[in-house]
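# pasting the sequence and the predicted coordinates here, then a few questions.
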There are 2 protein chains.
Amino acid sequence: MPDLTKQKNAAGKLIEFGMVSHTAEEVAHRNHLDKEDHPLRFQGQGKVLLALSQDDGLSQKELATRLNLAVQSTAEFVNKLVKKDLVTKEKSTTDRRKTIIRLTDLGRETAATETAKVPAYLETLTDTELEQLTAILTKINNNLYDEIDTMTPTQSNKFKATVADHLRDWFL
Amino acid sequence: MPDLTKQKNAAGKLIEFGMVSHTAEEVAHRNHLDKEDHPLRFQGQGKVLLALSQDDGLSQKELATRLNLAVQSTAEFVNKLVKKDLVTKEKSTTDRRKTIIRLTDLGRETAATETAKVPAYLETLTDTELEQLTAILTKINNNLYDEIDTMTPTQSNKFKATVADHLRDWFL
DNA sequence: CTTTTTAATCAGGTCCCCCTGACTAAAATT
DNA sequence: AATTTTAGTCAGGGGGACCTGATTAAAAAG
């Protein structure tokens, strides 16, 4: 039986981490120490980018189902990404209803550097700590995937595949 | 010299965690398995609530400086919280320019349950893992506080105190 | 007793994430 | 050929986190 206090401690630290990292990002952004427009948080537009770096050339519909989004939301994000020259839209030749979304070089690069970026706050951790953290987060993330899968009976939910596999490829 | 690969692994897991936990929350919310209006992410309104649970009866100005926000933003969040019956506003009697913000019982309770909530995904971790996670996050968070303090030369930046001390009180 | 500083407010904006409803155009069915 | 399904689009919204600018009321200072 796990110690409830320990759980609460960890939970608190996690909340704290969420808040503080968010604030740090915002401060950095306001101080213009940050070149990019916006950090690209891997929600919304970021999610789309990530899905595409794993599987380029998806249709909007496919993107929407994979990302658990309404098609219209997906369209919105895609359009925003087009404006930033991170992806392109082109009509499918085999099925002219479909629009194929592809990463531009810039888009691919952005996704890569964005995910490969090592935050400064990790640099003081020892190798052991990094390993522990990775192992623990792996466990946590898997739990979360299960949670999502349980809640969304959409059998074609490729969310986990989209996120996890991509990151695995990038990092392992 | 720390292993760069290990850093990247951890960084990736952290990104993944951010995305996945966010998605899980959204899914839960859409499925109405979530009673509350909105999860209260401890930014914006949530930050205000947290600051108040540590130090009740602050003025809006004090809140703003502590939270690194424009006074107008603070006012906006406070007003939203008032509508939700989580805080109250009252004019200070000693200085009638000031507006004192106080938590309602509901507000205090909300902050408490919100922060004390142990996410399901922590329940499968062993005691050892929980301890490791807590230790590592403590280190990371401290790094982030330093980052923020370095970037904001506002000497009166009580951000760290507001966030960390409160959570410490709650969890330790 | 003025002038200046301070705490708030209102007004208006920017950008983000995300959704429903209504409607076309192109495939797949019947 | 006529109908239905499918992929997208437009229009419109709701809520959230923030911000700048202009203005008021009250306290502090000169």
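Right, received. Where do you want to start?
# so the residue nearest the centre of chain A versus B:Ser21, what's the distance?
Residue closest to the average C-alpha location in chain A (Cα atoms, centre = their mean): A:Phe42, at 3.5 Å. Applying Cβ to Cβ, to the nearest Å, the value for A:Phe42 to B:Ser21 is 11 Å. All C-beta atoms are positioned from the backbone trio N, CA, C, and that covers glycine.
# now the biggest helix by length in chain A against helix B:4-30, angle please.
With secondary structure taken from DSSP state H, chain A has its longest helix at helix A:4-30. Going by axes from the mean of the first three to the mean of the last three Cα atoms, to 10 degrees, helix A:4-30 is angled at 100 degrees with respect to helix B:4-30.
# quick one: mean pLDDT for the helix or strand following helix A:4-30?
Note on helix A:4-30: by DSSP states H and E, the next helix or strand toward the C-terminus is helix A:45-54. Mean pLDDT, taken over the full extent of helix A:45-54, equals 91.
# is helix A:45-54 in proximity to chain B?
Yes. Interface with chain B: helix A:45-54 contributes A:46-47, A:50 (Cβ under 8 Å from any Cβ of the partner chain).
# a markdown table for those residues, including distance to B:Ala10 and neighbour count?
Shown next, in a markdown table, are the residues of helix A:45-54 next to chain B (distance: Cβ to Cβ, whole Å; neighbours: other Cβ atoms under 10 Å in any protein chain shown):
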| residue | distance to B:Ala10 | neighbour count |
| --- | --- | --- |
| A:Gly46 | 19 | 22 |
| A:Lys47 | 21 | 25 |
| A:Leu50 | 18 | 24 |
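# ok, and the closest non-adjacent residue to the residue of chain A found nearest DNA strand C?
Minimum separation of chain A from DNA strand C (Cβ to the nearest atom of the strand) falls at A:Gly44, amounting to 2.6 Å. Leaving out its chain neighbours, the residue that sits closest to A:Gly44 by Cβ to Cβ, 6 or more residues apart in numbering or on different chains is A:Phe77, at 5.3 Å.
# returning to that earlier point: the longest helix of chain A and DNA strand C, are they touching?
No. Using Cβ under 7 Å from any atom of the strand, helix A:4-30 stays clear of DNA strand C, coming no nearer than 11.4 Å.
# can you mark which positions in that helix are buried?
Residues of helix A:4-30 classed as buried by neighbour count (16 or more other Cβ atoms under 10 Å in any protein chain shown): A:6-27.
# now for it, which elements pack on it?
Counting contacts by 3 or more Cβ pairs under 8 Å, 6 or more residues apart in numbering or on different chains; DSSP states H and E, helix A:4-30 packs against helix B:45-54, helix B:105-116, helix B:127-151, helix B:166-171.
# next, count neighbours for A:Leu125.
A:Leu125 has 20 neighbours, counted by other Cβ atoms under 10 Å in any protein chain shown.
# okay, domains of chain A per the record?
Here the domain assignment for chain A is A:1-35, A:40-171, based on automatic domain parsing.
# so what's A:Arg41 up against?
B:Gly18 (Cβ atoms under 8 Å, 6 or more residues apart in numbering or on different chains).
# isn't A:Gly12 up against B:Glu114?
No. At 11.0 Å, A:Gly12 and B:Glu114 do not qualify as touching, with contact defined as Cβ atoms under 8 Å.
# for chain A, what lies in contact range of DNA strand C?
A:37-38, A:41, A:43-47, A:68-70, A:72-73, A:76-77, A:80, A:95-97.
# 10 Å - rerun?
Listed as neighbours of DNA strand C in chain A under the rule Cβ under 10 Å from any atom of the strand: A:37-49, A:64, A:67-77, A:80-81, A:83-84, A:91-98.
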